[in-house]
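**Student:** Got a predicted structure here, sequence first:
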Amino acid sequence: MEAQPLTIRANPDKAIVWEHDRLYLLDQRILPTQEGYIELQTATATADAIRDMVVRGAPAIGITAAFGVVLAARSAFKASTENWRELIQDELDILAASRPTAVNLFWALSRMKQLIASMGEENPEPRLLQEAMLIHQQDIAANKAMGALGAALIEGNTSVITHCNAGALATGGYGTALGVIRSAHAANKIERVYADETRPWMQGSRLTAWELAQDSIPVTLLTDGAAASRMARGGIGWIIVGSDRIAANGDVANKIGTYNLAVAAKFHGVKVMVAAPTSTIDMSAASGADIPIEFRDSAEVLKWHGRQIAAPGVDAWNPVFDVTPAALVDAIVTERGVVLSPNSKKMAELMGV
Ligand SMILES: CSC[C@@H](O)[C@@H](O)C(=O)COP(=O)(O)O
């Protein structure tokens with residue numbers, strides 16, 4: 001899958017673009033040294049793009065899958081105006097199998113499936129496209145609401161640590177954790193952001209630092225192992241991260257290494273904020289133990305830029321997410337409100353169940 005020459009200037013707030021009835025994704029694998037969009041013509045190609053990390057980040061995966069359903073409906077309706085509903089099923093399953101942890105994927109597919117179930121004999125594409133666009137727009141609005149709510153929790157002017165990339169690139173735009181940081185920076189509450197590099201895909205150095213630099217927000221990279229040392233030296237008010245799935249008891253799945261950060265934060269008296277839209281909350285997962293954790297190829301750890309960095313025959317354990325227990329989380333910030341010291345009762349109240 002090669003990046004196409006740019007027709008749209010690369011912009012983190014435009015990582016997912018639907019234009020002239022076509023789906024374009026900013027290729028996040030090649031940032032920040034190259035910028036290019038990939039055009040996707042089928043749902044299967046969309047699922048491949050999600051699996052191969054062209055697009056990543058929980059809300060962005062969900063939005064992309066919703067547009068993937070539009071592409072699936074287009075080809076199914078072209079093949080048969082009568083049987084498109086049956087024809088689309090395989091592609092819906094292929095999209096659902098792309099990545100397992102981010103619940104936003106399944107949430108978005110379920111919204112699209114509900115709409116399909118309510119449709120008559122008309123061409124499904126226009127209404128499905130309208131729904132995908134609504135999912136996209138609602139995500140941006142949720143991020144802006146979270147930005148204001150999360151920024152309000154930060155007192156004075158402080159430095160923060162973030163992990164992975166929970167910015168505009170990982171969402172429909174504006175970002176979750178980076179949305180909070182953007183809003184807090186605009187309110188003069190952020191002195192500096194320390195971005196963990198985030199092995200092995202380097203979302204922190206390649207994507208987060210790129211986004212923050214474009215916003216002129218002071219950013220310094222940390223190797224993942226340096227975060228506790230940085231906290232020990234003081235001046236860090238908050239750890240601010242996103243999430244791929246939050247369980248009904250407030251346990252948080254996020255990029256591998258988030259749990260380490262939260263443990264170190266507790267020891268150093270640094271608070272932990274998780275910013276995530278309610279589409280990331282999975283009330284059917286009673287606790288973090290019920291969240292499926294994606295394991296990726298050990299080659300992602302054993303190789304660096306295609307070069308072998310471990311002795312031949314050495315294996316690697318490569319879970320790409322971990323679960324931070326609710327007891328280590330000070331605040332979950334959603335578009336519906338903030339949950340302080342989350343637990344099952346407070347999460348149920350937030351979700352109205
Ligand atoms: C707003 S994005 C929140 C999470 O999806 C993000 O922190 C993360 O862990 C992304 O992992 P990735 O493997 O890059 O998709």
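**Tutor:** Received the coordinates, thanks.

**Student:** Tell me how many other residues crowd the residue of the chain found nearest the ligand.
**Tutor:** Of all residues in the chain, the one sitting closest to the ligand is G242 (2.8 Å; Cβ to the nearest ligand atom). No exception for glycine: its C-beta is placed from N, CA and C like everyone else's. Around G242 sit 31 other residues, with neighbours defined as other Cβ atoms under 10 Å.

**Student:** Okay, it and G175: tell me how far apart.
**Tutor:** Shown here: G242 relative to G175, a distance of 8 Å by Cβ to Cβ, to the nearest Å.

**Student:** same thing with G120?
**Tutor:** 38 Å.

**Student:** in the chain, which spans are helices?
**Tutor:** Along the chain, the segments classed as helices by DSSP state H run 43-51, 58-79, 84-96, 103-117, 125-153, 177-186, 203, 209-214, 227-232, 258-268, 299-302, 344-351.

**Student:** now the end-to-end length of stretch 311-322.
**Tutor:** As for stretch 311-322, its first-to-last residue distance stands at 26 Å under the measure Cα to Cα, to the nearest Å.

**Student:** Next, the buried residues of it.
**Tutor:** Judged by neighbour count using 16 or more other Cβ atoms under 10 Å, the buried positions of stretch 311-322 are N318, V320, F321, D322.

**Student:** So which bits of the stretch 151-300 of the chain are right by the ligand?
**Tutor:** Residues of the stretch 151-300 of the chain found near the ligand, taking Cβ under 6 Å from any ligand atom as the criterion, are C164, A166, A170, T171, T176, Q203, V241, G242, S243, D244, N254, K255.

**Student:** Counting neighbours, what do you get for the last one?
**Tutor:** Other residues within reach of K255 by the criterion other Cβ under 10 Å amount to 28.

**Student:** contacting residues for it?
**Tutor:** K255 sits next to H163, C164, T198, Q203, V241, D244, V320, F321, D322 when contact means Cβ atoms under 8 Å, 6 or more residues apart in numbering.

**Student:** what do you get if the cut-off is 10 Å, keeping everything else the same?
**Tutor:** Contacts here follow Cβ atoms under 10 Å, 6 or more residues apart in numbering; on that basis K255 touches 56-57, 101, 163-166, 196, 198-199, 201, 203-204, 224, 241-244, 261, 320-322.

**Student:** which of the buried residues of stretch 311-322 are close to the ligand?
**Tutor:** When Cβ under 6 Å from any ligand atom is taken as the criterion, the members of the buried residues of stretch 311-322 that contact the ligand are V320.

**Student:** I'd say A65 and D93 touch.
**Tutor:** No. Between A65 and D93 no contact is recorded; they are 11.8 Å apart, counting by Cβ atoms under 10 Å.

**Student:** Reformat the helices of the chain as CSV; add mean pLDDT.
**Tutor:** Compiled in CSV, those are given as follows (pLDDT from 0 to 100):
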stretch, mean pLDDT
helix 43-51, 98
helix 58-79, 98
helix 84-96, 97
helix 103-117, 98
helix 125-153, 98
helix 177-186, 98
helix 203, 98
helix 209-214, 97
helix 227-232, 98
helix 258-268, 98
helix 299-302, 96
helix 344-351, 98
